[in-house]
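> Quick one: sequence and predicted model below, then my questions.
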Amino acid sequence: MAVWVRARQGEDALPVRLERRRLYILPTRGGVAFGALVFAMLIAGLNYANSLALFLTFLLAAFALVAMQLCHRNLLGLTVHSLAAPAVFAQRPASVMVSLENPQALPRPQLGAALDTLTESRIDLTAHERRTLVLALPPLARGLYRIGRLRLAGTHPFGLFRAWTWLHHPLELIVYPAPAGSLPMPGASGRQPGPHPRGGAGVDEWLGLRPFRDGDSPRQVDWKAYAREAPLLVKEYQPAGSDLRLFDFSQLPMKDTEARLAQLARWIVDAEAQGERYGLMLPGEQIAPDRGPEHRHRCLARLAQFGGTPVPWPR
């Protein structure tokens, strides 16, 4: 079934608007029981030629048809703007975020989303509303997980029918090694690294902007950003040639690979928190020294993928 659906729909390029041809609908267990009851009432009404029983049977059948149309309409026209899976550390809850928009004037209650093997998360959308639905995932081991598809579904109203569709959009979830270990960071020579406000760019290295604090020089304020109605920010520089730390996988005394990766993750998190420059050396690969959120993610992502291949979801 999954192969047929993927072949029929192909890969999705977001944003996606849910059209009729990609929506599927079937009775729920309650809907099957309701249909069996209506059929039994039909047989009994015909057998006893009871007009009142036949009228009630046809009324309930019409009710079921209206419920089926409303269940289908609850998904029809819904727009999926984006899918995201923020990176997390191992053994911590992960999540997938689905951005949904209701472009119509009718509300859409009880919209659900889930991966194949997990419980549905639900959200209500009012008219012309855009919200993010968060799918909670269980804690995962270190690695790179490729999520091949995601299900959107709903049973509103009455729960007699279930309408659903599949989204096939490449999505990767990176799970960093959990920071652990008590070894001190490798020593750095020369001047102590760290951010220092400076009076000019000259040979200094640009660090970024930070909120203004009492005592900061007005010459360091980013007045151009302030003129664009940004908060009062101060430019920060660091002397060029500041010392750095190099975290080498092969120099760690532990024999267990996971323990080494956990120690490297601890050093990376601590060095970034202290504003230091750091590099990473792995067997056959080296990441040049740098700092900042992107560099931190780059290093931790390499640790997450060390010695492994992407794991498809569902596992």
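Structure's in. What do you need? Numbering: from 1, shown residues only.
> just the helices in the protein please.
2-9, 29-48, 51-75, 223-227, 257-273, 293-304 (DSSP state H).
> pLDDT averaged over the longest one - what is it?
In this model, helix 51-75 has an average pLDDT of 95.
> now what about it, what contacts it?
The contact list for helix 51-75 (CB atoms under 8 Å, 6 or more residues apart in numbering) reads 18, 23, 25, 31, 34-35, 37-38, 41-42, 44-46, 106, 108-111, 152-158, 160-165. Quick note: C-beta positions are derived from backbone N, CA and C, even for glycine.
> Could you give the separation of that helix from the chain centroid?
39 Å (CA atoms, centre = their mean, to the nearest Å).
> That helix: which residues count as buried?
By neighbour count on 16 or more other CB atoms under 10 Å, the buried set for helix 51-75 is 53-54, 57, 60-61, 64, 67-68, 70-72, 74-75.
> Distance to residue 82 added to those, as CSV?
Conversion of the buried residues of helix 51-75 to CSV gives the following (distance: CB to CB, whole Å):
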residue, distance to residue 82
53, 52
54, 51
57, 47
60, 42
61, 41
64, 36
67, 31
68, 30
70, 27
71, 26
72, 24
74, 21
75, 18
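> Kindly indicate which of these lies nearest residue 12.
residue 75 (14.8 Å; CB to CB).
> which non-adjacent residue is nearest that closest one?
Setting aside the residues directly before and after it, residue 75 is nearest to residue 163 in space (CB to CB, 6 or more residues apart in numbering), at 5.1 Å.
> list the contacts for the one you found?
Neighbouring residues of residue 163 by CB under 8 Å, 6+ apart: 23-25, 71-72, 74-75, 153-155.
> how far away is it from residue 34?
According to CB to CB, to the nearest Å, residue 163 stands 16 Å off from residue 34.
> Residue 23 now?
For residue 23, the distance to residue 34 (CB to CB) stands at 21 Å.
> swap in residue 229?
Taking CB to CB as the measure, residue 229 falls 58 Å from residue 34.
> Comparing the two, which residue is more hemmed in?
More neighbours surround residue 34 than the other of residue 229 and residue 34, with 21 against 6 (other CB atoms under 10 Å).
> what's around the closest residue to that one other than its chain neighbours, how many residues?
Distances taken as CB to CB, 6+ apart place residue 160 nearest to residue 34, at 5.7 Å, with adjacent residues excluded. Neighbour count for residue 160, taken as other CB under 10 Å: 21.
> same question, residue 298
15.
> Also residue 170?
There are 10 residues near residue 170, going by other CB under 10 Å.
> so who does it touch?
By CB under 8 Å, 6+ apart, residue 170 lies in contact with 11, 146, 148.
> 10 Å instead?
11-12, 83, 146-148 (CB atoms under 10 Å, 6 or more residues apart in numbering).
> between the residues you listed, which is nearest residue 91?
residue 147 (19.1 Å).
> And that closest one, what's its pLDDT?
According to the prediction, residue 147 has pLDDT 89.
> same deal with the one 10 residues further on?
As summarised for this prediction, residue 157 has a pLDDT of 92.
> Quick one: residues contacting it.
Residue 157 makes contact with 66-67, 70-71, 74, 109-110, according to CB under 10 Å, 6+ apart.
> State the phi and psi torsions of it.
phi -100, psi 160 (degrees, to the nearest 10).
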